[in-house]
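Chemist: Sequence and predicted structure below; questions after.
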Amino acid sequence: MFKALRCPVSLFLTTGPVVERQWFWGDYLDHALSRLPRPHVDIELVGMRVELTDPERRRRMGRQLRGALKLVPDDERRAVLADLARQAGVDATEAPSAPYRALEPVQVEQLAAEGVQFGAHTVTHPILSRCSAAVARWEITESVRIVGAMTGRPVTTFAYPNGMLHDYGAREVAVLGAIGVPVAVTTSRGRVVDTADRLRLPRLVFRADLGVMSRRVMGYPLSL
Ligand SMILES: [Zn+2]
């Protein structure tokens, strides 16, 4: 569809799931919760009891827990996940099952050959502002390096995981500037104007309502 409309398209790759067949941690959390043999689990770090009695409640509480884990230091988030996986008897080294699989490198190559532009989106999709400086730098530089190697082109765009104001900061912007990535996108809502900070670009969510979307693209106020 994009090709037929000659519409440029960018995909942002989290390189761990693509290259190493790793799980996205939110998916891994759902997977572990679905395998826990008990009716509830207490997550002391965030003061939450996750009820697992029925699938709907489990999914809802899983989403809440995922949100809570985005707010804690990243190594503590990793420790909670590892502990849940151990309790659930799931193995992080086992590749994700079908609904959770990311693009494969060969698909990335094919899409790149068809004109899709690929940007970087970290290695493991942590919330960068919750990481140490060294980890945040590695997540950015390593994903930029791998996406460049996979597509054979310089990487010119980056997307901050979660992308809200408190999810990244001047530190991440400086790393991108230092390694020569000229453009980065956030999830702050807004249009790009010519005075925009190119390493903190806002975005608009594409909704299925074409009327709303075409008004937005044409420049009507975002509230319409
Ligand atoms: Zn993401």
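Modeler: Looks like it came in fine. Numbers count the residues shown, from 1 in each chain.
Chemist: can you list the domain ranges for this structure.
Modeler: Domain assignment of the chain by automatic domain parsing yields the ranges 10-20+102-218, 25-88.
Chemist: want to throw those into a markdown table with mean pLDDT and distance to Glu94?
Modeler: C-beta coordinates here come from the backbone N, C-alpha and C atoms, glycine included. Output for those, formatted as a markdown table (pLDDT from 0 to 100; distance: least, Cβ to Cβ, whole Å):
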| stretch | mean pLDDT | distance to Glu94 |
| --- | --- | --- |
| domain 10-20+102-218 | 95 | 12 |
| domain 25-88 | 93 | 10 |
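Chemist: now those domains as CSV including distance to Ala95?
Modeler: Below are the domains of the chain laid out as CSV (distance: least, Cβ to Cβ, whole Å):
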stretch, distance to Ala95
domain 10-20+102-218, 9
domain 25-88, 12
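Chemist: Include mean neighbour count when you put these into TSV, please.
Modeler: What follows is the domains of the chain, written out as TSV (neighbours: other Cβ atoms under 10 Å):
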stretch	mean neighbour count
domain 10-20+102-218	17
domain 25-88	15
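Chemist: From Ser97, how far out is the nearest residue to Arg38 once chain neighbours are set aside?
Modeler: Excluding the flanking residues, the one nearest Arg38 by Cβ to Cβ, 6 or more residues apart in numbering is Leu52, at 6.9 Å. Distance of Leu52 to Ser97, computed by Cβ to Cβ, to the nearest Å: 19 Å.
Chemist: Cross-check the contact I'm expecting between Leu84 and Arg38.
Modeler: No. Using Cβ atoms under 8 Å, Leu84 is not in contact with Arg38, being 11.2 Å away.
Chemist: Centre of the chain to the lengthiest helix in the chain, how far?
Modeler: Taking DSSP state H as the criterion, the chain has its longest helix at helix 133-151. Taking Cα atoms, centre = their mean, to the nearest Å, one finds helix 133-151 lying 14 Å from the centre of the chain it belongs to.
Chemist: Name the surrounding residues that touch it.
Modeler: Residues from elsewhere that reach helix 133-151, judged by Cβ atoms under 8 Å, 6 or more residues apart in numbering: 13-15, 18-19, 74, 105, 108-109, 112, 118-124, 126, 128-129, 131, 154-155, 158, 171-172, 175-176, 179, 181.
Chemist: cool, stretch 21-40 as well?
Modeler: Stretch 21-40 is contacted by residues 14, 16-17, 41, 49-53, 55, 58-59, 61-62, 65-66, 69, 77, 81, 84-85, 87-90, 92, 95-97, 100-102, 124-126 when judged by Cβ under 8 Å, 6+ apart.
Chemist: re earlier: among the domains of the chain, which is nearest Ala4?
Modeler: Smallest distance to Ala4 across these (Cβ to Cβ): 11.8 Å, for domain 10-20+102-218.
Chemist: Tell me the span between the first and last residue of that closest one.
Modeler: Using Cα to Cα, to the nearest Å, the end-to-end distance of domain 10-20+102-218 comes to 21 Å.
Chemist: Please determine how far the residue lying closest to Ala95 once chain neighbours are set aside is located from Glu94.
Modeler: Nearest residue to Ala95, sequence neighbours excluded (Cβ to Cβ, 6+ apart): Arg21, at 4.4 Å. According to Cβ to Cβ, Arg21 stands 9 Å off from Glu94.
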